[in-house]
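**Student:** coords please:
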Amino acid sequence: MNVEDFDFHLPEELIAQTPLEHRSESRLMVLDKENGSIDHYRFKNIVDFLEEGDCLVLNDTKVLPARLFGQKGDTGANIEVLLLKQEDGDQWETLVKPAKRVRVGTEIVFGDGKLKAVCVGLKDHGGRILEFHYEGIFYEVLDELGEMPLPPYIRERLDEQDRYQTVFARERGSAAAPTAGLHFTEELLEELKAKGIHIAFITLHVGLGTFRPVSVENIEEHDMHAEFYQVSEGTARLLNEVKERGGRIVTVGTTSTRTLETIASKHGRFVEENGWTNIFIYPGYEFKGIDGLITNFHLPKSTLIMLVSALAGRENVLNAYETAVKEKYRFFSFGDAMFIK
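**Tutor:** Have a look, this model is predicted:
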């Protein structure tokens, strides 16, 4: 398949720059994957589309305030650092700007010396391995000095940092939020439970590769980035029980989807497991674990719109996106949602 098959026109003014005041008041498009029909609601109406015995699967990863601003120890030149992945102890894989100023041995100072880093290695894609030095607890220092790593298409400053965190975030490690989960409130989750809908949690730490466009013409030649996932024994047991009783597994976000499909593809059922996944889901893929998906509206020509197209059909999805543009839905991280049933 060609990457151009997943392109669409998106007016820039539809890219949401700030979150809504009330999370669950975002709009909800409901897309029937069998016949392509489309209906329009508010996100809080998701309760009406889930039945007793269904299971909603949420990614409980927590976004690190992973963007740091510092200065070179020798010249005082400004350096921006983005934490990507913890390598070993206090060593992290990072992206730095400008990268040419940071070589092995370069020291970077943050917060008047409260945090320091030394470059100890180079990565193929231009990344840097930094070793951090500090007193106390690293994550507490990071909470004080770091900022949320908002995607590049969001240019507005985020006044409330927790609005780029789901209300159920608890496992630190993401470079980006699992944005489909941002629509949920504690009250909405309680309403779902009261209806007899199971809530299950998995963890997948979102990497920045999620947002990278596909750069090859033939999508089958695209190499997916790897992301760490974890599914507990209790979650695996619950998911298997729901399946056996005829309930639906509805994932919230492409991250939850990729996690469950990775495990179901390997084992034919859900099991307790942790590891790294680079599963690439695009049309032609046969889903083995999930039945429905709640997701935001994604970038043109991205692996995310390809995954959604694999579930609902490329023509149905592109028609839904065309409708979303016409109806002025808000797109991307702080945008509106779609439920594929």
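
**Student:** List the buried residues for stretch 169-179?
**Tutor:** By neighbour count on 16 or more other Cβ atoms under 10 Å, the buried set for stretch 169-179 is 169, 173-179. C-beta coordinates here come from the backbone N, C-alpha and C atoms, glycine included.

**Student:** And the residues you listed, which is closest to Tyr41?
**Tutor:** Of all the buried residues of stretch 169-179, Thr179 has the smallest distance to Tyr41: 18.7 Å, by Cβ to Cβ.

**Student:** what's the pLDDT at the closest one?
**Tutor:** Per-residue pLDDT puts Thr179 at 95.

**Student:** Give the burial count for the closest residue to it other than its chain neighbours, as a bare number.
**Tutor:** Excluding its sequence neighbours, the residue lying closest to Thr179 (Cβ to Cβ, 6 or more residues apart in numbering) is Ser333, at 4.5 Å. Ser333: 21 surrounding residues under other Cβ atoms under 10 Å.

**Student:** which residues does the residue nearest in space to the middle of the chain contact?
**Tutor:** By Cα atoms, centre = their mean, the chain has its centre lying nearest to Pro178, at 3.2 Å. With contacts defined as Cβ atoms under 8 Å, 6 or more residues apart in numbering, Pro178 is in contact with 59, 61, 166, 204, 206, 252-253, 255-256.

**Student:** can you tell me which residues contact the nearest residue to it once chain neighbours are set aside?
**Tutor:** Distances taken as Cβ to Cβ, 6+ apart place Asn59 nearest to Pro178, at 4.1 Å, with adjacent residues excluded. Asn59 is in contact with 166, 178, 181, 201-204, 206, 252-253, 255-256, 259, counting by Cβ under 8 Å, 6+ apart.

**Student:** May I have stretch 140-151 as CSV, with CA atoms only?
**Tutor:** This file holds the C-alpha atoms of stretch 140-151, laid out as CSV (Å, rounded to 0.1, in the frame of the first residue of the first chain):
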residue,chain,number,x,y,z
GLU,A,140,11.2,15.0,42.1
VAL,A,141,13.9,17.2,40.6
LEU,A,142,12.3,16.5,37.1
ASP,A,143,8.9,17.6,38.4
GLU,A,144,10.5,20.9,39.6
LEU,A,145,12.6,21.7,36.5
GLY,A,146,10.9,19.9,33.6
GLU,A,147,8.0,20.9,31.3
MET,A,148,5.5,18.7,29.5
PRO,A,149,6.8,17.6,26.0
LEU,A,150,3.8,18.8,24.0
PRO,A,151,3.7,17.7,20.3
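
**Student:** just to revisit the earlier point, residues in contact with the residue nearest to Thr179?
**Tutor:** For Ser333, the contact set (Cβ under 8 Å, 6+ apart) comprises 16, 150-151, 154, 164, 176-177, 179, 182, 296.

**Student:** Same question for Arg103.
**Tutor:** Contacts of Arg103 by Cβ under 8 Å, 6+ apart are 119, 122.

**Student:** One more: the one 4 residues further on?
**Tutor:** Applying Cβ under 8 Å, 6+ apart, one finds that Glu107 lies in contact with 72-74, 116-119.

**Student:** so Ala180 sits in a helix?
**Tutor:** Yes: assessed with DSSP: H, G, I helix; E, B strand; the rest coil, Ala180 lies in a helix.

**Student:** Give me the pLDDT value at the closest residue to it other than its chain neighbours.
**Tutor:** Spatial nearest neighbour of Ala180, chain neighbours left out: Gly253 (3.7 Å); criterion: Cβ to Cβ, 6+ apart. Listed pLDDT for Gly253 reads 97.

**Student:** Gly253 reaches Gly181, doesn't it?
**Tutor:** Yes: contact criterion Cβ atoms under 8 Å: Gly253 and Gly181 qualify, at 6.0 Å.

**Student:** Am I right that Asp74 sits in a strand?
**Tutor:** No: using three-state DSSP, the secondary structure at Asp74 is coil, not a strand.

**Student:** Counting neighbours, what do you get for it?
**Tutor:** Residues near Asp74, counting by other Cβ under 10 Å: 9.

**Student:** Contact partners for it?
**Tutor:** Contacts for Asp74 were tallied using Cβ under 8 Å, 6+ apart; they are Glu107.
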